[in-house]
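Trainee: Sequence plus predicted model, see below.
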Amino acid sequence: MLLPSARSFLFPGATISFGAEVLGPQKEASLPVITSKSVKKIMKPTHKSSGRLFAEPESPSTKLDGAYTANIDGAARGNPGPASYGVVLRRPDGKPLESIGKYIGRHTNNVAEYYALIAALDYAEANGIKRLRVLSDSQLIVNQIKGLYKVKHPDLRPLHERAKKQAATLEAFTIQYIPREENRAADAAANAALDSTSSVKPAYGSSPAPASKPVSAHKPAAPPDPPKPTAASRPGLYLDDLRVGLRFTSGLYEMDEDRMKEFAAEFDPQPFHLDDGAARHTVFRGLAASGWHTAAATMRLLVTGGMPLAGGMVGLGADIVWPRPTRAGDTLRVQSEITEIIPSRSKPNQAVVTVHCITVNQNGEEVQSLTTKMIVYKRPV
């Protein structure tokens, strides 16, 4: 069996050590006579080989002190079938950071698992996270990234290579298997994204697309080192897939007090957004996030999986209402519904789609109501 080069599978921080003692010149005179029996004794391993291509420490590495944690999961209803992924990130102190759920079209469950891993690595890169601990309930993905299993399926190879290259850019990275019952948050995020679109006919048909098309039905949308995919080739829903009454549910976003104050200091510097003591004597009766911060968080939730439109969300305008304030520690979720679709008379490949988005906190209380109109395009021919 041919093994890959050390550079191809060693992550930052991995070390190779040998148990043989280095003998200096002063010991040369006392070297024993080497016999076949003594060679066997010297070469006898001191411990059983694990078969791993690189070793992970039994106890947490000091290099992972201060690491962020990402629970990942993929979901597919069918093999292949409508698929999505979920990623739940936590800060080094264990506090929730972000929950991401996204519908990715028609794929197998294993492809969805890899999409989840890549999404976690993408988030780390975009947010300057250098140390990452990934937890997954997919033994296949974990063992393939560790080098214990070969990657045989052609759909998984480019995703595996991309994930390895991204992980290698981090100061410290580890991936670990956990039982499914310990991965419920990521599973919920993946299924929430899938629930919002599973009633829609998948956008990628059951037969492979012609070679001239940018996305193939049974191949990942993003190979490891290609140019960024065009808007038309990104996974997501086109006008053909939408209907009035279609609903979406986003992942989660936690409102952090420090970030609330930072946002307000830059964009909405009013006392009730900056100082709890001052806010108690206002209509809010305590510190409240700027409504524009709630709107920004809503937009983030929509973009990261709450409304998976191919080519992105192109808004024409919106009406927005804040029925109650958003507080520090609130966990927000966006529930959206398509209420109207008006085809363009002059441009038959597009329509104006009206969407009503309700942002709720962890108690199900409405903190924002948004009605927006967007341009949505038909699938390219």
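Mentor: Received the coordinates, thanks. Residues are numbered from 1 along each chain as shown.
Trainee: What ranges does the stretch 201-350 of the chain have for its strands?
Mentor: Using DSSP state E, counting those that start in this stretch, the strands of the stretch 201-350 of the chain run over residues 247-249, 253-254, 314-321, 331-343, 350-360.
Trainee: so which of these gets nearest Pro271?
Mentor: Nearest to Pro271, of all the strands of the stretch 201-350 of the chain, is strand 314-321, at 22.4 Å by C-beta to C-beta. Just so you know, the C-beta spots here come from the backbone N, C-alpha and C atoms, and that holds for glycine as well.
Trainee: Which neighbours in the sheet does the closest one have, and how are they oriented?
Mentor: Strands that pair with strand 314-321, judged by DSSP bridges, come out as strand 366-377 (antiparallel).
Trainee: Pull out the buried positions in the partner strand.
Mentor: By neighbour count on 16 or more other C-beta atoms under 10 Å, the buried set for strand 366-377 is 367-368, 370-377.
Trainee: and among the strands of the stretch 201-350 of the chain, the most buried is which?
Mentor: A comparison of those by mean neighbour count, using mean count of other C-beta atoms under 10 Å, puts strand 253-254 on top with a mean of 21.
Trainee: so what does that one touch, helix or strand wise?
Mentor: strand 96-107, helix 291-301, strand 331-343 (3 or more C-beta pairs under 8 Å, 6 or more residues apart in numbering; DSSP states H and E).
Trainee: Domain map for this protein?
Mentor: Taking automatic domain parsing as the criterion, the chain consists of the domains 64-195, 240-377.
Trainee: that older thread, right, so of the strands of the stretch 201-350 of the chain, which gets closest to Glu98?
Mentor: strand 253-254 (6.3 Å).
Trainee: Switch the strands of the stretch 201-350 of the chain over to TSV; also include mean pLDDT and distance to Pro269.
Mentor: Converted to TSV, the strands of the stretch 201-350 of the chain look like this (pLDDT from 0 to 100; distance: least, C-beta to C-beta, whole Å):
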stretch	mean pLDDT	distance to Pro269
strand 247-249	84	33
strand 253-254	88	22
strand 314-321	94	20
strand 331-343	93	22
strand 350-360	96	23
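Trainee: Reformat those strands as TSV; add distance to Leu121.
Mentor: Shown next, in TSV, are the strands of the stretch 201-350 of the chain (distance: least, C-beta to C-beta, whole Å):
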stretch	distance to Leu121
strand 247-249	25
strand 253-254	20
strand 314-321	28
strand 331-343	24
strand 350-360	28
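Trainee: Let me know the average pLDDT across the helix or strand where Leu89 lies.
Mentor: Leu89 is part of strand 81-90 when elements are defined by DSSP states H and E. Strand 81-90 shows a mean pLDDT of 90.
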